[in-house]
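Asks: Just a sequence and a predicted model for now, questions to come.
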Amino acid sequence: MKITFVLEIVDMSGGAKVIALYADRLRKRGHDVFVVSSGTPPPKLRARLRTLLRKGKWLPTIRERPSHFDHVDVPHRMLERHRPVCDADVPDADVVVATFWSTAEPVFRLSRSKGAKAYYMQDYGAPGMELEDLIPTWKLPMHIITLAEWLGELVEEHGGTKPVTVVRCSVETEYFFAEPRGKQPVPTVGFLYRERYIKGYDIVLDAFVRARREVPNLRLVTYGSQRPAEAMPDGMEFHLQPATQDLRHLYAACDAWLFASRREGFGLPPLEAMACRTPVIGTPAGVVPELIRAHGGGVVVPPEDPEAMAREIVRFAQMSEAEWKQYSGRAFATVEGYSWEDAVDRFEAALFETVELDRARSSR
């Protein structure tokens, strides 16, 4: 099957990582896979002026940035400027997949020769992804594939009666794994550092500072693609862009992984942490509530409540070895038995369903 993925931006985000994994694994199964992206949009004048006033320099236009597609052997065409795709940009194929709300309508308008139209919907709620903008795209006659039950229900509620296929992401068990272990000699928690309000980094830092008042030797291990712009609190250890194969050591060095997103489509880091036998303390965003309900490999705390998160951090730091090992075992059980190959099986089946649905529509 010939498959085209249409992205707005290729970068180091979790959403791009998921698409890169599907593209790479589908190619390895013998499919002819192609990726088209429009590149980073130029910064708005207001952002450029703000940077000029704050830092004394003009914000440059960056067309390309490191991305998860740098490490997969999949053909990729970046358009000459940030704009919607058209027929001339996209090869003829069996199926073409929009991967972001702003790519949905341009993909829908492509000629039928470009493939049956699928729409892979991973999230909503971030700046530039408001519900009122997404709802019209859910009403387009496209086969929607999403990665969490709550998103599927949201699409069905607002998009009307249309086929929605839920394919939950998995974790790369070849990279994320750990042997059974006990608690850390020094109490340690971790999280993915991204200075975006929607990711709740401020909640984690507040919770850590509060918890450290009761556990003075508490450590916070974190990683990210950019160094923190703010001063790091005492006890925080930051790792800049660690290699994928090294991430498991960071996860496995923690007694709990913190997840404080205000809005999330899925949330890969908690799943990766669980694969490394690390329980999760998380807000009810993305798939985290589903994961924790499944086996109890962590706890869900109220959103916007650093005090509640701090209490759980202290509890995990002070709990007995035996109780912690129970949480650790449940976390691992959450990801055991569902691999990326299983996810690709289901995603591949969803693409074949896209083709069949298109044939059925055209024969009416």
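Replies: Sure thing, it's come through.
Asks: count of residues packed around the residue nearest to Y327 when sequence neighbours are not counted?
Replies: Among residues not flanking Y327 along the chain, P279 sits closest, at 4.1 Å (Cβ to Cβ, 6 or more residues apart in numbering). (Each C-beta comes from the backbone N, C-alpha and C, glycine too.) Neighbours of P279 under the rule other Cβ atoms under 10 Å: 28.
Asks: Wait, P279 touches A256, no?
Replies: Yes - here P279 lies in contact with A256, judged by Cβ atoms under 8 Å, at a distance of 5.3 Å.
Asks: Common neighbours of the two, please.
Replies: 298, 316 (Cβ atoms under 8 Å, 6 or more residues apart in numbering).
Asks: Look up the closest residue to V90, ignoring the ones flanking it.
Replies: K114 (4.9 Å).
Asks: any idea how far that neighbour is from S320?
Replies: 59 Å (Cβ to Cβ, to the nearest Å).
Asks: Strands along the stretch 151-300 of the chain, start to end?
Replies: Assigned by DSSP state E, counting those that start in this stretch, the stretch 151-300 of the chain shows strands spanning 164-166, 188-192, 219-224, 236-240, 256-259, 280-282, 298-300.
Asks: can you redo the ones you listed as CSV with distance to D32, mean neighbour count and mean pLDDT?
Replies: Shown next, in CSV, are the strands of the stretch 151-300 of the chain (distance: least, Cβ to Cβ, whole Å; neighbours: other Cβ atoms under 10 Å; pLDDT from 0 to 100):
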stretch, distance to D32, mean neighbour count, mean pLDDT
strand 164-166, 22, 18, 93
strand 188-192, 34, 26, 97
strand 219-224, 35, 21, 96
strand 236-240, 36, 14, 96
strand 256-259, 37, 28, 98
strand 280-282, 38, 29, 97
strand 298-300, 41, 22, 97
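Asks: V335: which of those is closest?
Replies: Across the strands of the stretch 151-300 of the chain, V335 has its closest neighbour in strand 280-282 (11.2 Å, Cβ to Cβ).
Asks: In terms of secondary structure, what does that closest one contact?
Replies: Applying 3 or more Cβ pairs under 8 Å, 6 or more residues apart in numbering; DSSP states H and E, one finds that strand 280-282 contacts strand 256-259, helix 268-275, helix 288-295, strand 298-300, helix 306-318.
Asks: Give me the residues contacting that strand.
Replies: By Cβ under 8 Å, 6+ apart, strand 280-282 touches 189, 256-261, 267, 270, 273-274, 288-289, 291-292, 297-301, 309, 312-313, 316, 331.
Asks: can you check stretch 349-364 too?
Replies: Taking Cβ under 8 Å, 6+ apart as the rule, stretch 349-364 contacts 1, 3, 94-95, 97, 112, 116-118, 141, 143, 145, 163, 165, 167.
Asks: And the furthest pair within those?
Replies: R112 and V167 (24.6 Å).
Asks: Of those two, give the one with the bigger neighbour count.
Replies: V167 (21 against 10).
Asks: contacting residues around that one?
Replies: 145-147, 343, 346-347, 350.
Asks: swap in F176?
Replies: Neighbouring residues of F176 by Cβ under 8 Å, 6+ apart: 247-248, 251, 272, 275-276.
Asks: distance of the residue nearest to V90 from V6?
Replies: Distance, K114 to V6, using Cβ to Cβ: 10 Å.
Asks: Looking at the two, which is more packed in?
Replies: V6 (27 against 23).
Asks: Name the weakest-confidence residue in the contacts of V167, if you would.
Replies: Ranked by pLDDT, the contacts of V167 bottom out at L147 (89).
Asks: burial measure for the closest residue to it other than its chain neighbours, as a count.
Replies: Excluding the flanking residues, the one nearest L147 by Cβ to Cβ, 6+ apart is F266, at 4.9 Å. Using other Cβ under 10 Å, the number of residues around F266 comes to 23.
Asks: quick one: contacts for F266?
Replies: Here F266 is in contact with 14, 18, 122-123, 147-148, 168-169, 286-287 (Cβ under 8 Å, 6+ apart).
Asks: Which of the residues you listed fall within helices?
Replies: 14, 18 (DSSP state H).
Asks: Most neighbours among the contacts of F266, which one?
Replies: Neighbour max across those (other Cβ under 10 Å) = G286, 26 neighbours.
Asks: gap between the closest residue to that one other than its chain neighbours and I198?
Replies: Spatially, and ignoring its direct neighbours in sequence, G286 is nearest to E264 (3.2 Å; Cβ to Cβ, 6+ apart). In this structure, E264 and I198 are 8 Å apart, going by Cβ to Cβ.
Asks: So these two - more neighbours on which side?
Replies: Relative neighbour count places E264 above the other of E264 and I198, with 27 against 16, counting by other Cβ under 10 Å.
Asks: pLDDT (mean, whole number) over stretch 303-317?
Replies: On average, stretch 303-317 scores 97.
Asks: buried ones in it?
Replies: Neighbour-count burial for stretch 303-317 flags 303, 306, 308-314, 316-317 (criterion: 16 or more other Cβ atoms under 10 Å).
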